[in-house]
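S.K.: 3D model of this:
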Amino acid sequence: MDKKNNIFLYPDKLINKEEILNSNKNLICSLCKGIIAEPIELFCEHIFCSNCINNWSKSLKDKCPSCNKFIYKKPSLSEENKNLLSKLQFNDNDKVYSYKEYIDYLKAEANINFEAGPLLGNNQKDNENNNNNLNYKCNVCGSEYNNIIQKAKNKYEERNKQLTEELRKIYEYKRKLQSDIYENKHGEKMPDSTLIDKCKHFSGNYKPIFECCNNAYGCYICHDENECHEYQISKKVICLLCANIYQGNECTNCKVKQCYERKEN
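M.R.: Just a heads-up that it's a prediction; the model follows:
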């Protein structure tokens, strides 16, 4: 994915948002729900962010997400839509931008690079201290940052743990809900071997957790049907028998070994 094009235009930043969007609903990309960024127009007249529709196509989806017609891209945007976009204005940090200026500004923000190396001192002792306490300099504004990479990594790992715990609680709740429904319907307790949230493409007693979005899907096909980005599977899985999250070939809670096979069409 080209990170330079991976930008999102928040509708709330648009000046006169309600007036403009009420009369021009096609300004909102139906995939990301933001203002269309670097738009691509299809022959079916629907418009999407270039990054969104390209990711949609990469996931082997060849039909328009709005009308289900085959995707054929126009060589350029219609004059009417060009004029419409050129009139848009955005307010960010008390500064007004035109449509093109705001996209350039967001690209610059997204592409802030840090010089991965210490700001060396005048002698060996200073250099040793700097190596233990690395500083980084922003190529755009010149600001110095201390241990920015490690801080970002720690923040990501902490957030990932929170999302994993939230996912476990969701599946725990799903299992309890399914158990209550089963008991009300059959008048007896649901068997421990009953699976929750089954996949329609594969049968198995676990689901892989996708690192790209921290969601659990039965397979990459289910992932692509619900997400609009490239999938990336982690080593963690969630047990469909007890909602435990673990790594390896056997659930660390219920001690059941993994089984997984494709369903026959």
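S.K.: Using the three-state scheme, assign Lys107.
M.R.: For Lys107, the assignment made with DSSP: H, G, I helix; E, B strand; the rest coil gives helix.
S.K.: where do the strands sit along the stretch 151-265 of the chain?
M.R.: Secondary structure of the stretch 151-265 of the chain (DSSP state E, counting those that start in this stretch): strands at 202-204, 206-210, 215-216, 233-239, 245-247, 260-262.
S.K.: can you pull the buried residues of stretch 42-56?
M.R.: Leu42, Cys44, His46, Ile47, Phe48, Cys49, Ser50, Asn51, Cys52, Ile53, Asn55, Trp56 (16 or more other C-beta atoms under 10 Å). No exception for glycine: its C-beta is placed from N, CA and C like everyone else's.
S.K.: in the stretch 1-150 of the chain, which ranges drop under the pLDDT threshold?
M.R.: Residues of the stretch 1-150 of the chain that meet the criterion pLDDT under 70 lie in 1-6, 59-60, 110-150.
S.K.: who's in contact with stretch 27-42?
M.R.: 5, 7-11, 14, 20-21, 26, 46-54, 56, 64-66, 69, 71-74, 76-78, 81, 84-85, 88, 103, 106, 228 (C-beta atoms under 8 Å, 6 or more residues apart in numbering).
S.K.: switch to 6 Å and redo it
M.R.: Identification of contacts with stretch 27-42 by C-beta atoms under 6 Å, 6 or more residues apart in numbering yields 7-9, 11, 47-50, 52-53, 64-66, 73-74, 77, 228.
S.K.: if we can go back for a sec, point out the most buried one among the strands of the stretch 151-265 of the chain.
M.R.: For the strands of the stretch 151-265 of the chain, ranked by mean neighbour count under the definition mean count of other C-beta atoms under 10 Å, the leader is strand 206-210 at a mean of 22.
S.K.: Strand 233-239 and that one, what's the angle between them?
M.R.: Put simply, strand 206-210 runs at 140 degrees to strand 233-239, going by axes from the mean of the first three to the mean of the last three C-alpha atoms, to 10 degrees.
S.K.: Partner strands of strand 206-210 and their direction?
M.R.: Strand pairing for strand 206-210, using DSSP bridges, gives strand 215-216 (antiparallel), strand 233-239 (antiparallel).
S.K.: Quick one: distance of it to the chain centre.
M.R.: Put simply, strand 206-210 sits 16 Å off its chain's centre (C-alpha atoms, centre = their mean, to the nearest Å).
S.K.: Can you give the contact residues for it?
M.R.: Taking C-beta under 6 Å, 6+ apart as the rule, strand 206-210 contacts Ala216, Gly218, His223, Tyr231, Ile233, Ser234, Lys236, Val237, Ile238, Cys239, Leu240, Gln258.
S.K.: you'd agree the last one is up against Gly248?
M.R.: Spelled out, that is Gln258. No - the pair Gln258 and Gly248 does not pass the contact test of C-beta atoms under 6 Å, sitting 8.4 Å apart.
S.K.: thought Tyr72 was touching Glu45?
M.R.: No - under the criterion of C-beta under 6 Å, Tyr72 makes no contact with Glu45, lying 11.2 Å away.
S.K.: rewinding a little: who wins for proximity to Glu183 among the strands paired with strand 206-210?
M.R.: Distance to Glu183, taken as C-beta to C-beta, is lowest for strand 233-239 among the strands paired with strand 206-210, at 20.9 Å.
S.K.: Show the backbone phi and psi for the nearest residue to Cys239 once chain neighbours are set aside.
M.R.: With C-beta to C-beta, 6 or more residues apart in numbering as the criterion, Cys239 has its nearest non-adjacent residue at 4.3 Å, and that residue is Cys251. Main-chain dihedrals, Cys251, degrees, to the nearest 10: phi -60, psi 130.
S.K.: Farthest-apart pair in the contacts of strand 206-210, please.
M.R.: Farthest apart among the contacts of strand 206-210 by C-beta to C-beta are Tyr231 and Cys239. That separation is 20.6 Å.
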